[in-house]
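Undergrad: what would the 3D arrangement of this be:
(one chain, ligands or ions: 1)
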Amino acid sequence: MPKFVLIFLSTFLLLAVGCEHEKSTNEKPNIILMVGDGMGVAQVTAANYWNPQKSNYYNFKTVGLMETSSTSHKVTDSASGATAMSTGEKTYKRAIGVASDSTHLKTILEELHDQGYQTGLISLTSITHATPASFYAHVTDRDMHEEIASQLVDADLDFFAGGGWKYFLERKDNRNLFHELGEKGYEMDSLALPSKLDGSKKYGSLIAEGSLPSKVQGRVDFLQRAASSAIEYFKKSDKPYFLMVEGSYIDWGGHAEDAEMMIQESVDFDHTIGTVMDKTKTDDNTLLVVTADHETGGVAIGKYYEEDEVGNRIEVPDTLGIQFNTDQHTASMVPVFAKGYKEELFSGVYANNQIYHKLMEVCKLPD
Ligand SMILES: [Zn+2]
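TA: Sure, this is the predicted structure:
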């Protein structure tokens, strides 16, 4: 049954971010892909209405719409959705980095790594969860967390931050993947993001056993700090970089039909976009793309009603109501926002696997 929920404007602290940095001299463009898991147009609308500052979405001039179906289901999941974006091929639900016939697909992160790029992944949930995993792992089912973790050891990422240390330290095969990552030159921290960043090292921060807390559970500014740290770290090298940042819990707000959670996570993701824009505003050759794997909740933002003493429905004119039509994902198209180097490639209406092809086009050197 549709639920109307009264939402009050909340206040959120926007992280103040320093912004002194030099122009990049890279030949190849830097790519920052931000994925709001479960973020459709209504969730972006929520980030606008409930944001104490002007939403960062107003800073985009290039906007597209993206179709998100998988090969097995019209209503996709994060594994298939992210794999389409990371590999250029649509696949079946629950697949991570593999095609419909289970063959491995090379991901954009792997392609760009081979071209000399630095690479990084940031998520609020386990770094082995569907969205980040689809950029470095190849497994037939998204729940193969320990196998996905072991594939991260060989992925040669330069920076990763999120949760999920249990898949690295409490394993059935008794391997200690933190130790193995340390042998490969990683500074591993299970408590915090790195405070001093050395460009010659690699960094892995898995600060939760499984998933990080949501905003309503008390998370503060992890996503902004992690994105900021990653960009600062990448700028210490002349190499270009590819960074994926996932706002994971917009989706969870939809599944829980929890309007406050969905709003707070959407606003937090908006603030992270602001941090990324601020950190890259003097870079001519950086492209920021913001999109989603699918929409969650069939969310509508509309009128809010109260009942008077005799049961009449009275519209409250200055208040918005949030309606969830499902606790599942939907097939609604999702928005794509692009800013920076060759942003114009991302306007129009297209399928999710085109994100990969468009990003590869962006990374081609000029003739
Ligand atoms: Zn979901």
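Undergrad: where in the stretch 251-367 of the chain is pLDDT low?
TA: Within the stretch 251-367 of the chain, the stretches with pLDDT under 70 are 365-367.
Undergrad: what sits against Gly302?
TA: Counting by Cβ atoms under 8 Å, 6 or more residues apart in numbering, Gly302 makes contact with 320-321, 323. The C-beta positions use only the backbone N, C-alpha and C, and glycine is treated the same way.
Undergrad: please identify the buried residues of the one helix or strand it maps to?
TA: Using DSSP states H and E, Gly302 falls within strand 300-307. The neighbour-count check on strand 300-307 (16 or more other Cβ atoms under 10 Å) flags 301, 304 as buried.
Undergrad: which neighbours in the sheet does it have, and how are they oriented?
TA: strand 313-323 (antiparallel) (DSSP bridges).
Undergrad: could you list the buried residues of the strand it pairs with?
TA: 320-323.
Undergrad: for it, output the C-alpha coordinates as PDB.
TA: Taking Å, rounded to 0.1, in the frame of the first residue of the first chain, the C-alpha atoms of strand 313-323 are listed here in PDB:
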ATOM      1  CA  ARG A 313      -7.700  14.700   3.600                       C
ATOM      2  CA  ILE A 314      -6.100  18.100   3.700                       C
ATOM      3  CA  GLU A 315      -3.100  19.000   1.600                       C
ATOM      4  CA  VAL A 316      -0.300  20.700   3.500                       C
ATOM      5  CA  PRO A 317       1.000  23.200   0.900                       C
ATOM      6  CA  ASP A 318       4.600  23.700   2.100                       C
ATOM      7  CA  THR A 319       5.400  20.000   2.800                       C
ATOM      8  CA  LEU A 320       6.400  17.200   0.600                       C
ATOM      9  CA  GLY A 321       5.400  13.500   0.900                       C
ATOM     10  CA  ILE A 322       7.500  10.600  -0.200                       C
ATOM     11  CA  GLN A 323       5.800   7.600  -1.700                       C
END
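Undergrad: can you name the residues in contact with the helix or strand following it?
TA: With elements assigned by DSSP H and E, the helix or strand that comes after strand 313-323 is strand 329-330. With contact meaning Cβ under 8 Å, 6+ apart, strand 329-330 is reached by 38, 40, 75-77, 251, 254, 294-298.
Undergrad: about what we covered before: just the contacts of Gly302 now: which is nearest Val139?
TA: Proximity of the contacts of Gly302 to Val139 (Cβ to Cβ) peaks at Gln323, which lies at 36.5 Å.
Undergrad: is it true that that closest one touches Gly297?
TA: No: taking contacts as Cβ atoms under 8 Å, Gln323 lies outside contact range of Gly297: 9.1 Å.
Undergrad: for the strand holding Gly302, C-alpha coordinates in PDB please.
TA: Output of strand 300-307 as PDB, limited to C-alpha atoms (Å, rounded to 0.1, in the frame of the first residue of the first chain):
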ATOM      1  CA  ALA A 300       7.600   9.500  -6.100                       C
ATOM      2  CA  ILE A 301       7.800  12.900  -4.400                       C
ATOM      3  CA  GLY A 302       4.500  14.700  -4.200                       C
ATOM      4  CA  LYS A 303       1.800  16.200  -2.100                       C
ATOM      5  CA  TYR A 304       1.600  15.600   1.600                       C
ATOM      6  CA  TYR A 305      -1.800  15.300   3.300                       C
ATOM      7  CA  GLU A 306      -3.000  15.400   6.800                       C
ATOM      8  CA  GLU A 307      -6.400  14.300   8.000                       C
END
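Undergrad: off-centre distance for that strand?
TA: Strand 300-307 sits 30 Å away from the centroid of its parent chain (Cα atoms, centre = their mean, to the nearest Å).
Undergrad: which ones are touching the closest residue to Lys74 other than its chain neighbours?
TA: Nearest non-adjacent residue to Lys74, counting by Cβ to Cβ, 6 or more residues apart in numbering: Ala331, 5.1 Å away. Contact partners of Ala331, counting by Cβ under 8 Å, 6+ apart, are 68-69, 74-76, 294.
Undergrad: could you grab the helix/strand/coil label for Met85?
TA: What DSSP: H, G, I helix; E, B strand; the rest coil gives for Met85 is helix.
Undergrad: next: Leu109.
TA: helix.
Undergrad: and if you look at the one 3 residues further on?
TA: Recorded secondary structure, Leu112: helix (three-state DSSP).
Undergrad: any idea how far Leu206 is from it?
TA: Distance, Leu112 to Leu206, using Cβ to Cβ, to the nearest Å: 23 Å.
Undergrad: go on, Ile314?
TA: Counting by Cβ to Cβ - Ile314 and Leu206 are separated by 50 Å.
Undergrad: for the contacts of Ala331, work out which two are farthest apart.
TA: Lys74 and His294 (10.6 Å).
Undergrad: just the C-alphas of the longest helix along the chain, formatted as CSV.
TA: Secondary structure of the chain per DSSP state H: the longest helix is helix 259-280. What follows is helix 259-280, C-alpha atoms only, in CSV (Å, rounded to 0.1, in the frame of the first residue of the first chain):
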residue,chain,number,x,y,z
ALA,A,259,12.3,8.0,3.5
GLU,A,260,14.7,9.6,6.0
MET,A,261,17.4,7.1,5.1
MET,A,262,16.9,7.6,1.4
ILE,A,263,17.0,11.4,1.7
GLN,A,264,20.0,11.5,4.0
GLU,A,265,22.0,9.2,1.7
SER,A,266,20.9,11.1,-1.4
VAL,A,267,22.1,14.4,0.2
ASP,A,268,25.3,12.8,1.4
PHE,A,269,26.0,11.6,-2.2
ASP,A,270,25.2,15.1,-3.4
HIS,A,271,27.8,16.6,-0.9
THR,A,272,30.3,14.0,-2.1
ILE,A,273,29.8,15.3,-5.7
GLY,A,274,30.5,18.8,-4.3
THR,A,275,33.8,17.5,-2.7
VAL,A,276,34.9,15.9,-6.0
MET,A,277,34.0,19.0,-8.0
ASP,A,278,35.9,21.2,-5.6
LYS,A,279,39.0,18.9,-5.7
THR,A,280,39.1,18.8,-9.5
